[in-house]
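Engineer: Model the following, please.
(chains A and B)
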Amino acid sequence: MKQFWKSMLKSPSGVIGLVILLLAISVAVFGPMLFPNSPWRMVQRPFLPPFTLGAVPLGTDALGRDVFAGMIFGARVSLLVGLVSTLVALVVGVPIGAMAGYFGGKVDDALMRFTEFFQTIPSFALAIVLVAILQPSIYSIVASIAVVSWPPVARLVRGEVLSLRTREYVQAAVVTGQSNTWIILREILPNALSPVIVLASLMVATSILLESSLSFLGLGDPNLISWGYMVGAGRTVIRQAWWITVFPGVAILISVLGLNLIGEGLNDALNPRLSREGR
Amino acid sequence: MLSFVAQRVLKGVIVLLAIVVLNFFLIRLAPGDPAVVMAGEAGASDQIFVKQLREKFGLDKPLPEQLFIYVKGVVSLDLGFSFRQQAPVAKLIGERLPATLLLTLTAFAISLMLGILFGTFAARFAGTFLDTGITIFALIFYAMPIFWVALMGILLFSVTFDWLPSFGYETVGANLTGLTHALDVAKHLIMPAMTLGLFFMATYTRMTRASMLEVKRLDFVKTARAKGLSDAVIQRRHVLRNALLPVVTLAGVHSGTLIGGAVITETVFAWPGIGRLMYDALLQRDYNLLLGVFVICSAMVLIFNLITDLVYRLVDPRIEFAS
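Structural biologist: A predicted model of the protein is given here:
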């Protein structure tokens, strides 16, 4: 573990990514406490330009709502949706991949056909259809992002399990009569973890992008403010008020960039062989 | 070769049928009894009319039979009727499809060409300032949501500089013909195609760079160098050709994302394609149309995957067609 942090802190992208993520998380957790302006309430005249009033640093939108407050509250939604939908995708993808890789044969065939099927369907289009049919809410958004993002997890885990199950220590566990579940959970999966962690960090980034795109199209949770929603709402008045669309977009850009950098840093730290070759 | 193509086509057809079945159940999941919704949309919701509609569309039949009728309809390109637009779904999609193909194929060509170009440069000058610059640019474009890039493009090139039109397919009411019309469309196409292309350009740049660096170290490159071939020839004929294989795979994987990106790009730029149609269907909760577009998108992705598979085998003769 110490070794891991040491190599993680040695990779510049990992450090920058970690700093960005910690910043984003603290904004999401503490921001709303320190900055109690409700993102939905009218606080000033509409279309107040940014940097004119200290109390409303980033100006107001078409309804006089505080853009800065929206960004702070939006951080919660974006990070939460990114994190939770990735977790759900892992909960679906890891068992499917593990079973396919471990049992092989017909089980593998059936599960992989199923996975490929979901991978062929255009993911964003499916997410749109699912949210539209289930009605927009934070639950339907998380569910549909998870539905479109689990297949790569299953494929990755399958590949890892496939190569690990022939190892001697796994064979030893089989010989000593351990149950399949025990072998998969205690012997194989812990050793397949590092590539899954790298993929998961990138998936959080993709999920944030997906959520923002859904909200932009008007499929966000109507009770929660999010960055994508803010950009979508500012779109029609972009000629009069550029700041309404620019700032939330920068927030999305920075958080996704941070997560991608963390993914690279993790990759360097967890697969040192690969990263040295890459240079 | 032929049997390989036949096999792939057959597989694609099976997947498409599965998507159609999935689609059928999604329609049934949509809120509201379809007959009541349709009656409401037609402006008359009395019981007799609802019953008639139910009989007309076979909604009173058992579910398996309904499924059979639905699949049969899709096979004969009948995707249902859009009551909001008062036209068959297939006709609406057919009208919009050329614009989407123009947009996505242009964006695809831009992203692939620029991505391979930048990736090659970055790998060629690995570790230098140029490499770092390209890598950072790729990272940033990879992290930007497409709708935001589109809006920033409008802000910069339409609002500030007034160089490019911010919406539409052609200048409305100009009635241009021939070459001037083509130029007009091209001018409208630049921003949407660049917006959609830049995100994918970033991924291809990263992929090409990584893959070039990997191939560069292989033995056959050393052999080529030992033979005394010039650096340019080695880069082009030996390294690039082999490094492109994973890029082609990636292009196939990305076709679905490309379609998804088109929905957003078309929405922002009011580009009259099926993505915009999907957005309209979404706003009006026109489920027949929404799911019709979804089926066609899936079919496009399947066709695109088939093409990349074939290209892959053309680029890499080591792969046998038989398997």
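
Engineer: Relative to B:Ser158, how far out is A:Pro122?
Structural biologist: Counting by CB to CB, to the nearest Å, the gap from A:Pro122 to B:Ser158 is 29 Å. All C-beta atoms are positioned from the backbone trio N, CA, C, and that covers glycine.

Engineer: just B:Ala109 next, same as before
Structural biologist: For B:Ala109 relative to B:Ser158 (CB to CB), the value is 23 Å.

Engineer: between these two, which one's more packed in?
Structural biologist: A side-by-side neighbour count of B:Ala109 and B:Ser158, using other CB atoms under 10 Å in any protein chain shown, places B:Ser158 first with 17 against 12.

Engineer: Is the more buried one in a helix, a strand, or coil?
Structural biologist: Put simply, B:Ser158 is helix when judged by DSSP: H, G, I helix; E, B strand; the rest coil.

Engineer: What pLDDT is listed against it?
Structural biologist: On the pLDDT scale, B:Ser158 is placed at 90.

Engineer: quick one, phi psi at A:Val56?
Structural biologist: Here is the backbone geometry of A:Val56 (degrees, to the nearest 10): phi -130, psi 70.

Engineer: Near residue 10, how many residues? Count them for me, please.
Structural biologist: This is for chain A. 12.

Engineer: should've been chain B
Structural biologist: Should you count by other CB under 10 Å, B:Leu10 turns out to have 10 residues around it.

Engineer: Name the helix or strand for it, please.
Structural biologist: helix B:2-29 (DSSP states H and E).

Engineer: In space, what's closest to the residue in the stretch 201-323 of chain B that chain A sits nearest to - neighbours in sequence excluded?
Structural biologist: With CB to the nearest CB, the shortest gap between the stretch 201-323 of chain B and chain A falls at B:Gly260, namely 2.5 Å. Sequence neighbours aside, A:Phe124 is the residue nearest to B:Gly260 in space, at 2.5 Å (criterion: CB to CB, 6 or more residues apart in numbering or on different chains).

Engineer: And for the helix or strand hosting B:Ala150, what's in contact with it?
Structural biologist: Assessed by DSSP H and E, B:Ala150 sits inside helix B:146-153. Here helix B:146-153 makes contact (CB atoms under 8 Å, 6 or more residues apart in numbering or on different chains) with A:212-213, A:216, A:228, A:231-232, A:235, A:238, A:245-246, A:249, A:252-253, B:141, B:191-192, B:194-196, B:198-199, B:261, B:264-265, B:267-269.

Engineer: Kindly report the same for stretch B:59-66.
Structural biologist: With CB under 8 Å, 6+ apart, stretch B:59-66 has contacts from B:24, B:28, B:34-35, B:53-54, B:58, B:69.

Engineer: Can you tell me which of the residues you listed has the lowest confidence score?
Structural biologist: Minimum confidence in the contacts of stretch B:59-66 sits at B:Pro34, scoring 66.

Engineer: So which helix or strand of the chain has the lowest pLDDT on average?
Structural biologist: Went with chain A since none was named. Across the helices and strands of chain A, mean pLDDT, DSSP states H and E gives its lowest value to helix A:272-278, namely a mean of 47.

Engineer: look at chain B instead
Structural biologist: Here the helix or strand of chain B ranked lowest by mean pLDDT, DSSP H and E is helix B:34-42, holding a mean of 69.

Engineer: thinking again about what came up before, out of the contacts of stretch B:59-66, which comes closest to A:Leu87?
Structural biologist: B:Arg28 (29.4 Å; CB to CB).

Engineer: Outline the domain layout of chain B.
Structural biologist: B:1-76, B:91-315 (the TED database).

Engineer: Identify, out of these, the most deeply packed stretch.
Structural biologist: Comparing those by mean neighbour count (mean count of other CB atoms under 10 Å in any protein chain shown), domain B:91-315 ranks first with a mean of 19.

Engineer: For the longest helix along chain A, which residues meet the burial criterion?
Structural biologist: When chain A is parsed with DSSP state H, its longest helix is helix A:67-103. By 16 or more other CB atoms under 10 Å in any protein chain shown, the buried positions in helix A:67-103 come out as A:67-90, A:92-102.

Engineer: for the residue of the stretch 201-323 of chain B closest to chain A, what are its contacts?
Structural biologist: A:122-125, A:127, A:213.

Engineer: cutoff 6 Å now
Structural biologist: Going by CB atoms under 6 Å, 6 or more residues apart in numbering or on different chains, B:Gly260 touches A:122, A:124-125.

Engineer: Between those, which sits nearest chain B?
Structural biologist: For the contacts of B:Gly260, the nearest to chain B is A:Phe124 (2.5 Å; CB to the nearest CB).

Engineer: how many neighbours does the closest one have?
Structural biologist: 26.

Engineer: what's the offset of stretch B:254-261 from the middle of its chain?
Structural biologist: A distance of 4 Å separates the centroid of the chain from that of stretch B:254-261, by CA atoms, centre = their mean, to the nearest Å.

Engineer: try stretch B:47-58
Structural biologist: For stretch B:47-58, the distance to the chain centre is 38 Å (CA atoms, centre = their mean).

Engineer: Kindly report the same for stretch B:193-208.
Structural biologist: The answer for stretch B:193-208 is 13 Å, by CA atoms, centre = their mean.

Engineer: do stretch A:189-198 as well
Structural biologist: The answer for stretch A:189-198 is 17 Å, by CA atoms, centre = their mean.

Engineer: if we look at that stretch, which residues are touching it?
Structural biologist: Contacts for stretch A:189-198 (CB under 6 Å, 6+ apart): A:156, A:160, A:164, A:263, A:266-267, A:270.

Engineer: any chance of these in a markdown table, plus pLDDT?
Structural biologist: Listed next are the contacts of stretch A:189-198 as a markdown table, based on pLDDT from 0 to 100:
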| residue | pLDDT |
| --- | --- |
| A:Leu156 | 93 |
| A:Glu160 | 91 |
| A:Leu164 | 89 |
| A:Gly263 | 90 |
| A:Leu266 | 88 |
| A:Asn267 | 84 |
| A:Leu270 | 80 |
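
Engineer: Serialize those to a markdown table and add fields for secondary structure, distance to B:Ile19 and neighbour count.
Structural biologist: As requested, the contacts of stretch A:189-198 are exported to a markdown table (DSSP: H, G, I helix; E, B strand; the rest coil; distance: CB to CB, whole Å; neighbours: other CB atoms under 10 Å in any protein chain shown):
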| residue | secondary structure | distance to B:Ile19 | neighbour count |
| --- | --- | --- | --- |
| A:Leu156 | helix | 24 | 19 |
| A:Glu160 | helix | 29 | 21 |
| A:Leu164 | helix | 34 | 19 |
| A:Gly263 | helix | 31 | 22 |
| A:Leu266 | helix | 35 | 26 |
| A:Asn267 | helix | 34 | 23 |
| A:Leu270 | helix | 36 | 18 |
